[in-house]
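Chemist: Turn this into a structure:
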Amino acid sequence: MKQPASAFLVVACCLVLVAPALWAGNIPPDEAFLRKLFRVNPDGTALELLLPSEIAVALGSVALDPVNEKIYWNSYQHVPGHEFPRVTLRRADLDGDALEEILLFGSFNLGIDPAGGKIYYVEAEHADCSFCGSINKANLDGDGDQILVYRTGWTPLAIDLDGGKLYWEHWDGRLLMSANLDGSGQQVLISETGNMVDIEIDPLGQELYWINLDGEVRRAGLDGTEMETLVTGLDSPRGLALDPLGDRMWWTDVDAGTIQRARLDGSDVTTIVSGLDEPAGLAFLPSTGEGDGSLYFLSDPVLINVVPDVPATSPRGIVALLLLLGLASSLFACRRMGASARGRTGNA
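Modeler: Purely as a prediction, here's the structure:
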């Protein structure tokens, strides 16, 4: 009877090993979420999953290049045996085609200059962290990387191309900072921001809008004056997008699992999408013809019944298949040993 017991132990071990691989697909089992890119109409209709086979975990920043019809986002992948994940900057066409990895050490915050052919970003944490948290600039293809502002922290970032300015929150205090696009002329504009999560610019109204960890939407002039709180009582806002021409703004809320919309003065707050799992990152693409434009955001696809494809030839897919074969072999062995044991008992 010891042989069947040993076989059952093998079966149990196979189940323990195979479960994480089958459940998580290509995502490490220690990752609790799998954010992917989605597109939805500004009124919350026509929700669509982009890049269903993308295996990297998307982080909290999305940026659009309407001139070249590209979308940019940050993602990371767990690297076994390494302390830090592999953080990369990726891009694709607006419909999800032509996926590219263009830059290592991207971070949560991005800004695009399509006309100038530049992308601005905050460098993420990694093994060689001499310049972690610095605001950098690179070509849209990831080449020509250049540090503009040293060690600001992993901070919200916005660029004002018309005014030639960078805006960010400094890491050692709730300070709204600004500088020229080359990093020169740094100055403090606001000393209490409420701990920014995302910041956007309204070029028509010449105003800054931001969401913070205090659950607020605030705005101020580009010089930091006339700060006002527009919306309060949010659970945990993460991504912010503006439509100045349409007098609209949207934000994601990771705890509430929603995307909400309001006028630029904070009135008429409406939930347009609910039931999401940790939605983050948000960008608005205005329509160039018919239609009302599109919102792009990040969320876990499982809870909204849009399950991504897992390639069968992925490393985890192969491991899962091998473990299943081992499980089937163990079950077959258990049955044979059980039948053999019953035969010996009957003969006795």
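Chemist: tell me the strands in the stretch 51-200 of the chain, going along the chain?
Modeler: 57-65, 70-77, 86-93, 100-104, 110-113, 118-122, 135-139, 146-149, 157-160, 165-170, 175-180, 187-190, 196-202 (DSSP state E, counting those that start in this stretch).
Chemist: Please read the previous query as pertaining to the stretch 201-348 of the chain.
Modeler: Under DSSP E, counting those that start in this stretch, the stretch 201-348 of the chain gives strands at 207-212, 217-221, 228-231, 237-243, 248-253, 258-262, 270-273, 277-285, 294-300.
Chemist: Out of these, which is closest to V67?
Modeler: strand 277-285 (11.4 Å; Cβ to Cβ). For every residue, glycine as well, the C-beta is placed using N, CA and C.
Chemist: mind listing what's buried in stretch 174-186?
Modeler: R174, L175, L176, M177, S178, A179, L181, G183 (16 or more other Cβ atoms under 10 Å).
Chemist: Looking at the residues you listed, which two lie furthest apart in space?
Modeler: With Cβ to Cβ as the measure, no two of the buried residues of stretch 174-186 lie farther apart than R174 and L181, at 23.6 Å.
Chemist: where does the stretch 201-348 of the chain dip in pLDDT?
Modeler: 301-348 (pLDDT under 70).
Chemist: let's see it at 80
Modeler: 289-290, 300-348 (pLDDT under 80).
Chemist: need the contact list for L242.
Modeler: E200, I201, D202, Y209, R248, M249, L264, F284 (Cβ atoms under 8 Å, 6 or more residues apart in numbering).
Chemist: Let me fix that, I meant to ask about I199.
Modeler: P156, L157, A158, Y167, W168, E169, L208, Y209, W210, L240.
Chemist: next one: A63
Modeler: I71, Y72, W73, L110, G111, I112, I119, A283.
Chemist: Dump the residues you listed into TSV; add neighbour count as well.
Modeler: Converted to TSV, the contacts of A63 look like this (neighbours: other Cβ atoms under 10 Å):
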residue	neighbour count
I71	24
Y72	24
W73	28
L110	23
G111	25
I112	25
I119	28
A283	23
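Chemist: with those in mind, which one is nearest to D141?
Modeler: Nearest member of the contacts of A63 to D141, counting by Cβ to Cβ, is I119, at 9.1 Å.
Chemist: Quick check: the closest one vs D277, distance?
Modeler: Counting by Cβ to Cβ, to the nearest Å, the separation of I119 from D277 is 28 Å.
Chemist: One more: D182?
Modeler: In terms of Cβ to Cβ, D182 sits 40 Å off from D277.
Chemist: shaky segments in the stretch 1-150 of the chain?
Modeler: Using pLDDT under 80, the stretch 1-150 of the chain drops low at 1-35, 51-60, 75-88, 103-109, 123-133.
Chemist: let's see it at 70
Modeler: 1-34, 53-60, 76-86, 104-108, 124-132.
Chemist: N136 is nearest to which of the strands of the stretch 201-348 of the chain?
Modeler: Closest among the strands of the stretch 201-348 of the chain, once you apply Cβ to Cβ, is strand 277-285, at 18.9 Å.
Chemist: buried ones in the closest one?
Modeler: Those buried within strand 277-285 under the rule 16+ other Cβ under 10 Å are E278, P279, A280, G281, L282, A283, F284, L285.
Chemist: can I get these in CSV with distance to L51?
Modeler: Shown next, in CSV, are these (distance: Cβ to Cβ, whole Å):
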residue, distance to L51
E278, 18
P279, 16
A280, 16
G281, 14
L282, 17
A283, 15
F284, 19
L285, 16
